[in-house]
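S.K.: Build me a model from this:
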Amino acid sequence: MTVAPQRPAVLGQVGTAHTRVEGRDKVTGAARYGGDIPFAGLAHGMLVLSTVARGRIRSVDTGPVLAMPGVLTVLHHGNAPRLNSDYIGMLGVPPDPTAVLFQHDRVPHAGWPVALVVAETPEQARAAADALTVTYEQEPHDVALSADRPDAYAADGHMPGTTEKGDLEAELAASAHVVDAEYTTPEEHHAMMEPHVATAWWDGGRLDVVDSDQGITWVADELVRMFSLDASAVRVRSEHVGGGFGSKGVRPPQVAAAMAAAELGRPVRVSLTRRQMFSVTGYRSPTVQRVRLGAGADGRLRALEHTSLNQTSTVYEFVEPGAGVARTMYDAVAHRTENRVVRLDVPSPTWMRAPGEAPGSFALECALDELAETCGVDPVELRLRNEPETGPVSGLPFAGRNVAACFREGARRFGWDARDPRP
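M.R.: Model (predicted):
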């Protein structure tokens, strides 16, 4: 067997101080973000978002706005080019309809993009967008997330919605200690330094985009499919992200800028306001989670159930897999987890740092702490007693796992034994 030589330069990276490649540019103000790059003949677009939570667009009164100073065009469902939305992207999911702009008169949630006003300056575009009159036919809407939603369903599409082994109810009934608790987490929004922004222009049949994104290959691939172009006909450049946290993929700015640039024959920049980001760039869904734990007198788990419910929009399914963390952290004789979703008239959620693990760990670990108090066992010791030897659900060996050592070392460093153990 031939063993490849180790590379000391790579192995020595961890624990060694290094100068960030872009550090000097960022602290001196030389770094250019998506909205900083100049273009000759640049026009500016401002999105108009719906003010109703559900319904149809009856009319878009463009006449008065087109007569305003500097206004170049107004795009909406009645005059926008047709886009392709019948595809599966490189991430294995269909496109978020929020970015497939102006293709119909439906309004599935408040803040849905209904028009784009383009003008010579950002101020003119924003003033005209504020002045645009859009008339709606409103319909009843439903935006209430609760644990007892009868229309919630298991998320069995792109992930296992439910996993189970053993007789959960029997093990709970035989347990000396039981915790049955519900935990809720609120929605969380991305609030990065630079809001979403994109500049697009066409050179013949070639589309160039400069934006702030988290993956130029991902964005380029989506634009290729959406505009039905050859892969070589799209180039995306992003010098600095300006923060993303999961939301800076293909969003309305890239698509709107490309549409307007094609009509006007000049570069167009579309920037979101802070307020608009709350509607069209995704967020972490609120969750309602139920955790049931049953343990013997020694604190060892006999039963573990973790269910997590999140909301998604009526036009796009996004699962916040909160119950996923229980599938790897603790074992029990009977084990059940389920991720559930309910469709509401709300904006589409999206990826955010530690998707599923953040809200899911909160609920599961709170329940473990409550069980520790009920059992009269130290919370760290309770976790050590329930450290699994293999994957609790999969049964497969761990490629690497050092959780128990981390608990012990953390307890040592923080002087855990010397604390007042009372809650």
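S.K.: ok but Asp417 is inside a strand, no?
M.R.: No - if the criterion is DSSP: H, G, I helix; E, B strand; the rest coil, then Asp417 is helix and not within a strand.
S.K.: Helix or strand for the residue nearest to it when sequence neighbours are not counted, just tell me which one.
M.R.: Nearest non-adjacent residue to Asp417, counting by CB to CB, 6 or more residues apart in numbering: Ala411, 7.1 Å away. Quick note: C-beta positions are derived from backbone N, CA and C, even for glycine. When elements are assigned from DSSP states H and E, Ala411 belongs to helix 403-413.
S.K.: residues of that helix that come out buried?
M.R.: By neighbour count on 16 or more other CB atoms under 10 Å, the buried set for helix 403-413 is 407, 411.
S.K.: Show me what that helix is in contact with.
M.R.: 329, 380, 383-384, 387, 416-417 (CB atoms under 8 Å, 6 or more residues apart in numbering).
S.K.: Just the buried ones among those, please.
M.R.: Applying 16+ other CB under 10 Å to the contacts of helix 403-413 flags 329, 380, 383-384, 416 as buried.
S.K.: out of these, which are inside helices?
M.R.: 329, 380, 383-384 (DSSP state H).
S.K.: Looking at these, point me to the pair that's furthest apart.
M.R.: For those, the farthest-apart pair by CB to CB is Met329 and Val380; their separation is 14.0 Å.
S.K.: quick one: the helices in the stretch 1-150 of the chain?
M.R.: 8-11, 23-28, 63-66, 122-131 (DSSP state H, counting those that start in this stretch).
S.K.: now, of these, which is deepest in the fold?
M.R.: Mean neighbour count (mean count of other CB atoms under 10 Å) peaks for helix 122-131 among the helices of the stretch 1-150 of the chain, with a mean of 18.
S.K.: same question for that one, mean pLDDT?
M.R.: For helix 122-131, mean pLDDT is 98.
S.K.: Which strands or helices does that helix pack on?
M.R.: Where contact means 3 or more CB pairs under 8 Å, 6 or more residues apart in numbering; DSSP states H and E, helix 122-131 is packed against strand 43-49, helix 63-66, strand 71-76, strand 113-119.
S.K.: Tabulate these (CSV), appending mean pLDDT and distance to Val255.
M.R.: Formatted as CSV, these follow (pLDDT from 0 to 100; distance: least, CB to CB, whole Å):
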stretch, mean pLDDT, distance to Val255
strand 43-49, 98, 10
helix 63-66, 98, 21
strand 71-76, 98, 11
strand 113-119, 98, 9
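S.K.: Identify whichever of those lies nearest to Pro94.
M.R.: Taking the helices and strands packed on helix 122-131 one by one with CB to CB, strand 113-119 is closest: 17.8 Å.
S.K.: Can you tell me what sits against the closest one?
M.R.: Under CB under 8 Å, 6+ apart, the answer for strand 113-119 is 43-50, 57, 60, 65, 68-77, 98, 101-102, 107, 125, 128-129, 132, 134, 252, 256, 259-260, 264, 268, 270, 280.
S.K.: Greatest separation within the buried ones among the contacts of helix 403-413: which pair is it?
M.R.: Met329 and Trp416 (19.3 Å).
S.K.: Just send the helices of the stretch 1-150 of the chain back as JSON lines, with distance to Arg237 too.
M.R.: Converted to JSON lines, the helices of the stretch 1-150 of the chain look like this (distance: least, CB to CB, whole Å):
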{"stretch": "helix 8-11", "distance to Arg237": "28"}
{"stretch": "helix 23-28", "distance to Arg237": "16"}
{"stretch": "helix 63-66", "distance to Arg237": "32"}
{"stretch": "helix 122-131", "distance to Arg237": "21"}
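S.K.: and Ala155, which of these is closest to it?
M.R.: helix 122-131 (36.7 Å).
S.K.: List the contacts of the closest one.
M.R.: 44-48, 64-65, 68-71, 74, 115, 117-119, 271, 273.
S.K.: Now with 10 Å, please.
M.R.: Residues outside helix 122-131 that contact it (CB atoms under 10 Å, 6 or more residues apart in numbering): 35, 42-49, 61-62, 64-72, 74, 115-119, 121, 268-271, 273.
S.K.: Any idea how far that helix is from the middle of the chain?
M.R.: Chain-centre distance of helix 122-131: 29 Å, with CA atoms, centre = their mean, to the nearest Å.
S.K.: now that helix and strand 113-119, what's the angle there?
M.R.: Helix 122-131 and strand 113-119 are oriented at 140 degrees to each other (axes from the mean of the first three to the mean of the last three CA atoms, to 10 degrees).
S.K.: before we move on, back to that, please identify which of the ones in helices among the buried ones among the contacts of helix 403-413 is nearest to Leu364.
M.R.: Met329 (6.6 Å).
S.K.: Now do the helices in the stretch 151-300 of the chain.
M.R.: 168-173, 216-226, 252-264, 274-280.
S.K.: same deal with the stretch 301-423 of the chain?
M.R.: So, for the stretch 301-423 of the chain - with DSSP H, counting those that start in this stretch - the helices run 326-329, 357-375, 379-385, 403-413.
S.K.: looking at these, which is closest to Met90?
M.R.: helix 357-375 (23.4 Å).
S.K.: Tell me how far that closest one lies from the chain's centre.
M.R.: Its chain's average C-alpha position is 24 Å from that of helix 357-375, according to CA atoms, centre = their mean.
S.K.: so which of the helices of the stretch 1-150 of the chain comes closest to Ala174?
M.R.: Of the helices of the stretch 1-150 of the chain, nearest to Ala174 by CB to CB is helix 8-11, at 50.9 Å.
S.K.: Could you pull up the mean pLDDT of that closest one?
M.R.: Mean predicted confidence for helix 8-11 is 56.
S.K.: same question, stretch 33-42
M.R.: For stretch 33-42, the per-residue pLDDT averages 95.
S.K.: repeat for stretch 154-164
M.R.: 83.
S.K.: and what of stretch 334-342?
M.R.: Here the average pLDDT along stretch 334-342 is 97.
S.K.: and if you look at stretch 297-314?
M.R.: On average, stretch 297-314 scores 97.
S.K.: so how far is that stretch off the chain centroid?
M.R.: For stretch 297-314 - counting by CA atoms, centre = their mean - the centre lies 22 Å from the chain centre.
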